[in-house]
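S.K.: My questions concern the predicted model and sequence given below.
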Protein chains: 2
Amino acid sequence: MNVKTLCLGFLAMREATGYEIKKEFEEGFFSHFIEASYGSIYPALNQLAAQALVTVREEEQEGKPDKKVYAITEAGRAVLGKWIAVVPARDRYKSEFLFEMMLQQYLSREHVVMAVETQLAHLRSELENIKHCRGKCVDPGMLSGGPDFVLGYGETVLTAAVSYLELKLVELGVPQAPSVAAE
Amino acid sequence: MNVKTLCLGFLAMREATGYEIKKEFEEGFFSHFIEASYGSIYPALNQLAAQALVTVREEEQEGKPDKKVYAITEAGRAVLGKWIAVVPARDRYKSEFLFEMMLQQYLSREHVVMAVETQLAHLRSELENIKHCRGKCVDPGMLSGGPDFVLGYGETVLTAAVSYLELKLVELGVPQAPSVAAE
DNA sequence: GCCGATATATATCCGTTCGACATATATCGG
DNA sequence: CCGATATATGTCGAACGGATATATATCGGC
């Protein structure tokens, strides 16, 4: 599933600029399971426009740089249906944290504790983000099933991970869960 | 955390060939949170050897291709400690499955059910793999903390995901969980 | 008041990495 | 006997990530 498909999929929900897409891939509904850099988003949008799967509308702004707003076309919606109707590939998961934990014997106890606490902070901030996304989700005529399903999945998995690490911190002899504010 | 570090980290546990490293990244202890292709593993091993962080021993075999067995050096263990003693970066997670679920409205109900069942099969096979790894883990003088911690983390997260999807399948009106043999 | 940091916005560059392919041999099942 | 699978190393092109460049406006701190 390449960046072109990801951008087209996002534009199927609402029109946006390249900058906004990147931001939403970092903070929005898609942030838990999608990653893409400017270096791949901007070329992808150009290609989509060249194939007439999206339209571009240049808007001049005062005090801010001009922007190019991309919107999906009917042809775009049609090919999107084809591009995503494939047997989903295995999830891909990479974790520096677990790699370090695997090689604990090469690290000091202090570093291990720090790494676990860092990971906990990351997981908790993602959980916060999901709650925030749920808040945005209720009012608009939002496609109900999709986001709900996806946010629930993320919430379930992250909550389980947090519980596991909190337990492990106790086993490591760390006083108490330093509350949510320990970012 | 680049492929060079990953290979060095693996070789810190036992000596191996490039082929074996790739296999273990797919099936072994590291498989749940590490990915690397031949196209990056073989060049990485050559670089590690050039820096004298690993040694190479060429072994001729009958009926099989010759192999190059890589083993970490003392210098290698020293730099490994430095390379992994960094604040771990955020986990990276990409999921075609969740992307498709987000865009359910562009898919048929049959496809959604198929996608969920495929995902369930993937998760269950990973869980099986973890159990299998635990089996291998007990007897050798294996570094106890590391693998245990990591396998437990994976087990926790995967189990939570499986439960969530089983529930969603019922909500989708799919008769019954088609047992573990539904790969 | 000015200086640095942050936000908005697009774009390109280089290095890393992936996925597919090439090569070679041996075994196993239909 | 033929194709698939396993062992083993390696390369190549395309995709991709991370950093940087460019331009402007605002906001907070000293």
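M.R.: Thanks, I have it.
S.K.: which one's the longest helix in chain A?
M.R.: Ranked by number of residues, the top helix in chain A under DSSP state H is helix A:109-137.
S.K.: Report all helices and strands that the helix or strand following it contacts.
M.R.: In the C-terminal direction, the helix or strand that comes right after helix A:109-137 (DSSP states H and E) is helix A:145-171. Using 3 or more C-beta pairs under 8 Å, 6 or more residues apart in numbering or on different chains; DSSP states H and E, the elements in contact with helix A:145-171 are helix A:109-137, helix B:96-102, helix B:145-171. (C-beta placed from N, C-alpha, C; glycine too.)
S.K.: Show me how the record splits chain A into domains.
M.R.: A:3-84, A:96-171 (automatic domain parsing).
S.K.: okay if I get the ones you listed as TSV plus mean neighbour count and distance to B:Phe29?
M.R.: Shown next, in TSV, are the domains of chain A (neighbours: other C-beta atoms under 10 Å in any protein chain shown; distance: least, C-beta to C-beta, whole Å):
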stretch	mean neighbour count	distance to B:Phe29
domain A:3-84	16	24
domain A:96-171	17	7
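S.K.: would JSON lines of those domains with mean pLDDT be doable?
M.R.: Listed next are the domains of chain A as JSON lines, based on pLDDT from 0 to 100:
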{"stretch": "domain A:3-84", "mean pLDDT": "94"}
{"stretch": "domain A:96-171", "mean pLDDT": "89"}
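S.K.: Give me the residues contacting stretch A:80-92.
M.R.: Contacts with stretch A:80-92, where a contact means C-beta atoms under 8 Å, 6 or more residues apart in numbering or on different chains, come from A:1, A:5, A:8-9, A:12, A:33, A:53, A:72, B:35, B:92-97, B:99-100, B:103, B:106-108, B:111, B:114-115, B:118-119, B:122.
S.K.: can you dump the C-alpha coordinates of it into PDB?
M.R.: Taking Å, rounded to 0.1, in the frame of the first residue of the first chain, the C-alpha atoms of stretch A:80-92 are listed here in PDB:
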ATOM      1  CA  LEU A  80      -9.700   4.000  -4.600                       C
ATOM      2  CA  GLY A  81     -12.200   1.200  -4.300                       C
ATOM      3  CA  LYS A  82     -10.100  -1.000  -6.400                       C
ATOM      4  CA  TRP A  83      -6.800  -0.100  -4.800                       C
ATOM      5  CA  ILE A  84      -8.000  -0.900  -1.200                       C
ATOM      6  CA  ALA A  85     -10.000  -4.000  -2.100                       C
ATOM      7  CA  VAL A  86      -7.000  -6.300  -1.600                       C
ATOM      8  CA  VAL A  87      -6.300  -8.900   1.000                       C
ATOM      9  CA  PRO A  88      -4.600  -6.700   3.700                       C
ATOM     10  CA  ALA A  89      -0.900  -7.400   4.200                       C
ATOM     11  CA  ARG A  90       0.500  -8.200   7.600                       C
ATOM     12  CA  ASP A  91       0.800  -5.300   9.900                       C
ATOM     13  CA  ARG A  92       4.400  -4.000  10.100                       C
END
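S.K.: so does that stretch get close to DNA strand D?
M.R.: No. Judged by C-beta under 7 Å from any atom of the strand, stretch A:80-92 stays clear of DNA strand D, getting no closer than 10.4 Å.
S.K.: Around DNA strand D, which positions in chain A sit nearby?
M.R.: Near DNA strand D, when you scan chain A using C-beta under 7 Å from any atom of the strand, you find A:2-4, A:35-40, A:44, A:62-65.
S.K.: Considering these, which is situated nearest to B:Glu128?
M.R.: Nearest to B:Glu128 among the residues of chain A next to DNA strand D, counting by C-beta to C-beta, is A:Glu35 at 27.9 Å.
S.K.: who touches that closest one in this structure?
M.R.: Shown in contact with A:Glu35 (C-beta under 8 Å, 6+ apart): A:25, B:92, B:94.
S.K.: Per-residue pLDDT of the second one, please?
M.R.: Reported pLDDT at B:Arg92 in the predicted model: 95.
S.K.: ok now do A:Phe111, which residues does it touch?
M.R.: Careful, residue A:111 is His; it's not Phe. Contacts of A:His111 (C-beta under 8 Å, 6+ apart): A:100, B:85.
S.K.: what's the distance between it and A:Lys168?
M.R.: 15 Å (C-beta to C-beta, to the nearest Å).
S.K.: now the residue nearest to the spatial centre of chain A, nearest residue through space, not along the chain?
M.R.: The residue lying closest to the centre of chain A (C-alpha atoms, centre = their mean) is A:Ser31, at 1.1 Å. Leaving aside its sequence neighbours, A:Ser31 sits nearest to A:Phe25 (C-beta to C-beta, 6 or more residues apart in numbering or on different chains; 6.1 Å).
S.K.: Could you say which helix or strand holds that neighbour?
M.R.: Counting by DSSP H and E, A:Phe25 is part of helix A:18-27.
S.K.: Would that helix count as contacting DNA strand C?
M.R.: Yes. For helix A:18-27 and DNA strand C, the contact criterion (C-beta under 7 Å from any atom of the strand) is met by A:18-20, A:23.
S.K.: wait, which of these is closest to DNA strand D?
M.R.: Nearest to DNA strand D among the residues of helix A:18-27 next to DNA strand C is A:Tyr19, at 10.1 Å by C-beta to the nearest atom of the strand.
S.K.: Thanks a lot, see you next time.
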